[in-house]
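missing the sequence, but the structure's below:
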DNA sequence: GCCAACGTTGGC
DNA sequence: GCCAACGTTGGC
């Protein structure tokens, strides 16, 4: 079992959007960064726990919890010229981009704000606040996950 | 909207 | 394979 933090811009897709899907399952498409892709392809496994994080918005932080219900498979939006995630250099023989499916578990009563997370000395080493923090798929270690979940 | 950080592209 | 130019991310 591993732990992750998936970023999303709530204007585009929020925790509420995820919660409002009838079966609660959504494919996490549109990841266009090789390191994040490698995580999705090779490391993210069934049953892994995922913090949902809102970025580029008023209340930046962790907003809820989801679980991986399907491991890495081809992200179809890379082949769709109408999609903003279209990648003309990707081919069906050698698709570049992957995605996973996640299932909504719960929305936290209150957003665990980035500024609160930054103020926690117990998890000062968390990837979210260090170099490489721009990755949209970030690993979270077990201690960090347990600590953060205890604050929600 | 600004800007620092950092990823990608492409010429050489 | 280097590196400058350019694009994107994301907090503020």
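Yep, that arrived. Computed from a predicted structure; not experimentally measured. Residues are numbered from 1 along each chain as shown, chains lettered A, B, ... in the order given.

the residue located most distally from the centre of chain A and DNA strand C: what is the separation?
The centre of chain A is farthest from one residue, residue A:93, which by C-alpha atoms, centre = their mean lies 26.4 Å away. Using C-beta to the nearest atom of the strand, to the nearest Å, residue A:93 is found at 24 Å from DNA strand C. For the C-beta atoms, the positions are set from N, CA and C on the backbone; glycine is no exception.

kindly report the residues of chain A close to DNA strand B.
Counting by C-beta under 7 Å from any atom of the strand, the positions of chain A adjacent to DNA strand B are A:33, A:34, A:35, A:89, A:131, A:132, A:134, A:135.

filter these down to the buried ones.
Among the residues of chain A next to DNA strand B, those buried by neighbour count (16 or more other C-beta atoms under 10 Å) are residue A:135.

pull the most distant pair out of the residues of chain A next to DNA strand B.
The span of the residues of chain A next to DNA strand B, defined through C-beta to C-beta, is set by A:89 and A:131 at 27.8 Å.

and the residue farthest from the centre of chain A, backbone torsions?
Per-residue torsions, residue A:93: phi -70, psi -40 (degrees, to the nearest 10).

quick one, what contacts it?
By C-beta atoms under 8 Å, 6 or more residues apart in numbering, the contact list for residue A:93 is empty.

quick check: residue A:102 is in a strand.
Yes: the assignment for residue A:102 is a strand, going by DSSP: H, G, I helix; E, B strand; the rest coil.

ok so, going back, inside helices: which ones of the residues of chain A next to DNA strand B?
Counting by DSSP state H, the part of the residues of chain A next to DNA strand B found in helices is A:34, A:35.

which of the residues of chain A next to DNA strand B sits closest to residue A:82?
Distance to residue A:82 across those (C-beta to C-beta) is lowest for residue A:89, with 17.0 Å.
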